[in-house]
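S.K.: How does the following fold in three dimensions:
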Amino acid sequence: MLVAAAVCPSPPLLVPEVAAGAAPELDAARAACSDAIGVLAAARPDRLVVVGPAEESGRGPHRQGARGSFRGFGVDVDVRLGPTPPHAPDEAAERELPPSLAVAGWLLERTRWSTAPVEGLGVGEPLAAERCIQVGEEIGARADRVALLVMGDASACRTLKAPGYLDERAAGFDAAVGRALGAADIAALKTLDAGLAAELKAAGRAPWQVLAGAADGATLSGELLYEDAPYGVGYVVATWS
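M.R.: The predicted model follows:
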């Protein structure tokens, strides 16, 4: 059963070395993410599942200790998804973490996560809502006390300089997402418009619907810790406990 969840944005810019001179602009978001992971640790889960958006090569399961890197963003920074377990598989045979799970690995390293075993799951933007919800239900049934770290961004269309340019629908979409995540509103997340989310380049839609499936029957309360749109992209940090 799901006992806690943290929702965090997934931009590599959260890593100060990637953001370089702009790093201080996301200090508040980083602090909120650290607080959210603290809520996960306080719940004392048996297992932590990290869910984030991924391109095709990064979709599917990723083991604890899997490697990620920000070298593709121009910095010599490597991370792992939680502590490397004993008798880990041959690293040469392992896939690299997708960027969203690499950011999660960086956040877990930053907060020195050691509370429970970790596993990752990369999900694709095209994944239908019904399948996302089913995946979430399966995750929630994996242990008596499951926690979720859910990575993903809202729209990328909030300003003229945003990655997706300005779309007047983006602010309303992001506000609805913020309300749903802050209130642990499972029904609202389940009915997010996947087509609109894709048009607005909202990479968090599928992971949020996985969360909605995992939280069915858990009776959790939500709290919104951070909501802003730096660089024209909607970032939300929330906790469910």
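S.K.: which neighbours does the helix or strand hosting Leu225 have in its sheet, and in what orientation?
M.R.: Here Leu225 sits within strand 222-228, counting by DSSP states H and E. Partners of strand 222-228 in the sheet, by DSSP bridges, are strand 235-240 (antiparallel).
S.K.: buried ones in the partner strand?
M.R.: The neighbour-count criterion (16 or more other C-beta atoms under 10 Å) identifies Tyr235, Val236, Val237, Ala238, Thr239, Trp240 as the buried residues of strand 235-240. (Glycine included, C-beta is placed from N, CA and C.)
S.K.: tell me the mean pLDDT for that strand?
M.R.: Averaging pLDDT along strand 235-240 gives 98.
S.K.: Other residues contacting it?
M.R.: Strand 235-240 is contacted from outside by 2, 4-9, 11, 29, 32-33, 35-36, 39-40, 153-154, 174, 177-178, 181-182, 184, 204, 211, 215, 220-229, using C-beta atoms under 8 Å, 6 or more residues apart in numbering.
S.K.: One more pass at 7 Å, please.
M.R.: Residues outside strand 235-240 that contact it (C-beta atoms under 7 Å, 6 or more residues apart in numbering): 4-9, 29, 32-33, 36, 39, 153-154, 177-178, 181-182, 184, 215, 220-229.
S.K.: quick one: the helices in the protein?
M.R.: Ranges of helices within the chain are 16-19, 27-42, 99-110, 129-140, 170-182, 186-190, 194-199, 205-214, based on DSSP state H.
S.K.: How about Ala188: what's its closest non-neighbour residue?
M.R.: In space, and not counting its chain neighbours, Ala188 is closest to Ala180: 3.8 Å by C-beta to C-beta, 6 or more residues apart in numbering.
S.K.: ok, so what distance separates that neighbour from Tyr235?
M.R.: Noted for Ala180: a distance of 15 Å to Tyr235, by C-beta to C-beta, to the nearest Å.
S.K.: Out of the helices of the chain, which is the most enclosed?
M.R.: Among those, helix 205-214 has the highest mean neighbour count (mean count of other C-beta atoms under 10 Å), at a mean of 29.
S.K.: counting contacts, what elements does that helix pack onto?
M.R.: Helices and strands touching helix 205-214, as assessed by 3 or more C-beta pairs under 7 Å, 6 or more residues apart in numbering; DSSP states H and E, comprise strand 47-53, strand 118-123, helix 129-140, strand 146-151, helix 186-190.
S.K.: who's in contact with the residue nearest the centre of the chain?
M.R.: With distances taken as C-alpha atoms, centre = their mean, the residue of the chain nearest its centroid is Met151 (0.7 Å). Taking C-beta under 7 Å, 6+ apart as the criterion, Met151 is in contact with Cys8, Ser10, Val50, Val51, Gly52, Ser100, Leu101, Val103, Ala104, Pro207.
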